[in-house]
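**Q** Provided below for reference: sequence and predicted model.
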Amino acid sequence: MYSRIIWKKEPILKSDIMENCSSKISIHQGTGTTQNARFLSALQPTYFLLEEREEIDYVVLAQRMSHYLHYFNESDSTIAQSDWSPFFAWESTAVLAQIFKWNIEDYEKKYENIRKSVPLTNDNEELKKQVGEIFVKIQKDFISLTDKAETLDNHISVKEFLLSSKTTIEIQLSSVISKISDENSIITLLQNYQFNKNIQYLFGLLLYWKNSTEKAFTQQLESCPSHTPHYALFLAFLKLLGIAKNHLNDFTKRHLDFYYKDILQLLPQKAQPDFVHLLIEPAVNTDAFLLSKNTIFSAGKNSLGKNKFYASTSDQAINSVKIKSFLSHYINQNSWKKTDLFPLNATNTPFSAFSSSSENTETGLLLASPLFYMKGGTRIITLKFDSQILNPNSFDFWITGEKKWIKITQENKELTQDKYIKLTIPASEKAIVPFNKEIHEGEAIETLHPILKIIPKNNTEQIDCKTLEIGITVTGLKNLIVATDTGVADINKPFKPFGDFPKNGNGFIIGCNEFFLKKGAVASFSIESDAASSYAFAGTLNSPILNNTISLAQTGNNFAQNKISGTQSVSLNTNLSTTVNNLIAQTFVGSFFAYKRLVDSSLLFEMKKGRFINEGNKAFNSVYTNNTPVKEYSEDEIPDNKTVSGYIRIQLNDPKYEGEKFLQDYIKAAKQESPVLPKVPVIQSLAMNYSLTQKYNFNASDDALNPLEFYHLLPFGYEKLRPNSSLSLIPDLPQKGEIYIGFENAQPGNGLSVLFQMAEGTANPRKEPAKISWEYLSDNQWKPIDSYDIGDETLGLLQSGIINITVPHFDNSQTVVLPKNLFWLKISVNELDRICHFVGIHEQALKAVLFDFENNGSGFLEVTPEETVSKLYQPNPFVKKVKQPYPSFGGKKQEEDTQLYQRSSERLRHKQRAITSWDYERLILQEFPEVYRVKCLNHYRYDSGNISNVSAGYVTLIPVAKSLNASNVWEWKPLLSVSTLQRIKNRIMGWCSPHVRLCIKPPVLEKIQIGCKVKYKDIPGADIRLYAKMLAETINRYISPWAYSDIDIDFAKKIELSSLIQLIDNQSFVDYIIDFKANHLILDDEENTIIKTMADVKEIVPQTDYTLFIPNDTHEIKELKNNC
């Protein structure tokens, strides 16, 4: 390249300069160190043996030597009659040994050496001779061994196999020898694929044939009862010789022990005791008591038959506190979900506190007020929060109906031109009534008023306001009680409001409780009569003006007076409280309401059409104005002609109807020859309309006329609000997830000891540990628990452990946030997948450690299974039951000598200091057996948002977990838990330089997606779906072999597409493939979501030096069908 640039003077391109440059550094491209790689064969006592021969070698040696030992009979001791081979060569044990020791591997190696030398020679005849000699010798040996196999005892089961396979192998041998002898060009033959495949098959048969004798030979040595006496003595001698051989071969171990244990004074690490978590159930009616430290618990016997005991690690107070409730809620995709975890608790099956299958929960704002008490008609509610413009379609609105919650449908909610939210309840809908927990499901809100429920669809959007304006409009209300002087009238039919013979003083009373509940409401009446009634109403009685006095004798309301003529609306304003025309007005007498008559006759007046009484009228100058509405939601009672409280009375008051004038006119008209009788006024229909607008300011000076209660609806309760500056539409739930644990029988000062059994390793190891906060509930307020007031062995819910806390002073007798009369703990989590799944939580827990109570030297040997520890060593009358719900943990056996040699050898090199990559990797693998592989990247920075391989002072460690061969390869990944990563970092920080900036990260996960069209072989009855599934699994096994077997987990290397193509093409059911492509999928660092797709790559190159390719279940394999 350089000569081209210099001599031809071509322009120097940037691509030319960077052609051989790479951002990767060679020292970072290693595979790290595995637990197996630490193993030094030279440190093993078996590495060098003074006597390496086994019993089978002596058997074969004796058989061979027997041919050279002369045999002399008793009659002639000077002349050898034969040799000793009959005593050793034809014994069944010797025959089996000869077959097993047949070195067929040596023949195979010679053949391979000759085949590989073909390109280096042209001597065809010499090659033919060498190859032929190999297989002739094999044939000769095989015939000799099969002849000997025929002499085996018949009870040896392998004899049948050896003889039955003789013919097959001989045919294969003869075929190979024949091809070699008949072939003119041996070089061509050795390069023939099919011939070499036949040779491999032949050697495979021979190896299997001779290895089948191994088990039979072992049985001959150990349990055969049919040895001849002299051969039995020979085998006994070999057994005794083995004792001397073992002593001789122990020289290497004695040398290692002398060096490490005697000279260096390094001893094996002692066994570490294991721990158990125990649950104590107190006896019935027992007060709190103390189990002191070192209380002994019996645990049966260990594997050596010795008694096993555990001792409590600390003083533990036992009381009657029990877990009563276990709840959680969290936010997911802008919606709140909640779960009752109590049924899942302690079922020994891991479960997530924030499961995706949790039910949705409503959180929002509740408005409770008498304003919403509306029994009928077309009802409209308008809302405006400050000057904010809120889309009503972003909310769900519900209101308390007569039978259930009424949902405001999509077509009945809109945003008006004035930017008000308008909600319409049609007249066909049933009455809106006060909240009743019996019919309105959900939280039992303690209120006497109807409730409007506002649920934002997007619960993460926080909306605050300082003022709220509510408007109520009701039209066509016919849920009225009407009573004339003669009785109750049915307003669904025409009725005579003033009787059959009207006169001054006659009238009718209208009862409408919902109207009188609302201060400041303005009402109007729609009265419709037929033509005759209207005419009579207006003036049939020769009356120029028909005066009807409308009076309100109800606390907090007033009246209006209007002339009724035809169909006309009569309006009245409830801001006043007065009656006129010698009716009554309300005033206070002591603390009770009483009424008195107005005595000033000058207050009499007439109201002309279109005019309304107002405060300026002289009728109101000397009366008391009251603004207190009816306080109860009682049904409207049937009024009589003396009823004055909470009703409207419309009364006839016209001089033309004085006395019995109507009756006299009626009699007079009836006497005429063609009588035209005066018509009695008849009302065809009567409806009430009213409206009210109320504005609420959320400050101390709010003087709203009508009460309005505010509540926040919470996942498991509600909260009554007292807004003093602003109001939020949704509750303030700052954390992404919260867990609630309710305890019964808890009293301030009680000790709580709760076991949290976690499914360790289920937290997302690619994220930092979650931030956990603890709070307790008192008087509907959450109060924080300081970290120094709580003992947490779980490392933030990352591992199993006990939580200890002293119950603070609390009062939950009137709580509505959660169920009453329990002591509530709240655990807030900022990231849902950063804590482990739960297995169970249990009260009255304590921790106990394995204890050599009998001083018999017993240490940790094996894990203690669950339900093993069930009683105290010395019974305690206060303890009813002891339970061990889970196996023991944390134990470690005494270090074996081979482990001592390995640890000591590494210790002599790194000196317990982390300086080089070698030091870091060996220290971690020694200290953390759960780590299978670890890779150290020096001067490599890998933290949040920053990755650089040339950062001085930074050291990054990539540990990989052991393969579990999980049944679900899509779920399991070789990632260590967050708690383990944290422990590794804490441990290494004590060994490395204080100037090192250490990063501990899991490997990067990537996926490969293969797409192709496959033509399967035409096989009758073939299952094409199964073929596709098998093909996908084959690809995954090639890319991620560690997910399916015990093979080493290695960081990914470059994969050539040709190898994948050949892999697919080699499958027995595949004919050919076309349109092959590979997509490289890059996953998110913290999630498994795909953030980048590199489509149709030409070669698969991992993006980092610490990438793992994981199995992919989305390969795009399609069947290629015949065109015809």
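**A** Thanks, I have the structure now.
**Q** Following the chain onward from the longest helix belonging to the chain, which element is next?
**A** Counting by DSSP state H, the longest helix found in the chain is helix 124-149. Using DSSP states H and E, the helix or strand that directly follows helix 124-149 along the chain is helix 158-164.
**Q** can you give me the helices for the stretch 351-500 of the chain?
**A** Remark: no helices are assigned in the stretch 351-500 of the chain by DSSP state H, counting those that start in this stretch.
**Q** For the helix or strand Arg922 falls within, the averaged confidence score.
**A** Element membership of Arg922 [criterion: DSSP H and E] is helix 917-927. Confidence over helix 917-927, taken as the mean pLDDT, stands at 95.
**Q** Next: stretch 331-343.
**A** Averaging pLDDT along stretch 331-343 gives 84.
**Q** What is the longest helix of the chain packed up against?
**A** The contact analysis (3 or more CB pairs under 8 Å, 6 or more residues apart in numbering; DSSP states H and E) places helix 124-149 against helix 92-100, helix 104-116, helix 158-164, helix 166-182, helix 186-190, helix 193-211. C-beta here means a position set from N, CA and C on the backbone, and glycine is covered the same way.
**Q** possible to save those as CSV with mean neighbour count?
**A** Output for those, formatted as CSV (neighbours: other CB atoms under 10 Å):
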stretch, mean neighbour count
helix 92-100, 25
helix 104-116, 14
helix 158-164, 16
helix 166-182, 15
helix 186-190, 18
helix 193-211, 15
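**Q** Can you tell me which of those is nearest to Asn249?
**A** Each of the helices and strands packed on helix 124-149 was checked against Asn249 via CB to CB, and the shortest separation belongs to helix 92-100, namely 21.2 Å.
**Q** show me the residues around the residue nearest to Arg941 when sequence neighbours are not counted that make contact.
**A** Spatially, and ignoring its direct neighbours in sequence, Arg941 is nearest to Ser951 (3.7 Å; CB to CB, 6 or more residues apart in numbering). Residues touching Ser951, when contacts are defined by CB atoms under 8 Å, 6 or more residues apart in numbering, comprise His939, Tyr940, Arg941.
**Q** could you say which helix or strand contains Ser951?
**A** Using DSSP H and E, no element contains Ser951; it sits outside every helix and strand.
**Q** and the gap between it and Ser917?
**A** From Ser951 over to Ser917 the distance is 15 Å, taken as CB to CB, to the nearest Å.
**Q** ok, now Leu795?
**A** Using CB to CB, one gets 28 Å for the distance from Leu795 to Ser917.
**Q** try Glu927
**A** Distance from Glu927 to Ser917, by CB to CB: 16 Å.
**Q** Those two: which is more packed in?
**A** Neighbour comparison, Glu927 and Ser917: the larger count goes to Ser917, with 20 against 13 (by other CB atoms under 10 Å).
**Q** Now do the same contact list for that one.
**A** Neighbour list for Ser917: Ile27, Cys936, Leu937, Asn938 [criterion: CB under 8 Å, 6+ apart].
**Q** nearest residue to Ser387 other than its sequence neighbours?
**A** Spatial nearest neighbour of Ser387, excluding adjacent residues (CB to CB, 6+ apart): Lys419 at 7.9 Å.
**Q** so the one you found touches Phe385, yeah?
**A** No - Lys419 sits out of contact with Phe385 when judged by CB atoms under 8 Å, with a separation of 10.1 Å.
**Q** Looking at those two, which has the bigger crowd around it?
**A** Set side by side, Lys419 and Phe385 give different neighbour counts by other CB under 10 Å, the larger being at Phe385 (20 against 11).
**Q** do you know how far the residue nearest to Arg941 is from Glu895?
**A** Taking CB to CB as the measure, Ser951 and Glu895 are separated by 38 Å.
**Q** next one: Ala97
**A** Counting by CB to CB, the separation of Ala97 from Glu895 is 39 Å.
**Q** How about Glu359?
**A** Glu359 sits 52 Å away from Glu895, taking CB to CB as the criterion.
**Q** Enumerate every residue touching the closest residue to Glu793 other than its chain neighbours.
**A** The shortest distance from Glu793 to any residue other than its chain neighbours is 2.8 Å, reached at Gly801 (CB to CB, 6+ apart). Applying CB under 8 Å, 6+ apart, we find Gly801 in contact with Leu755, Phe756, Asp792, Glu793, Thr794, Leu795.
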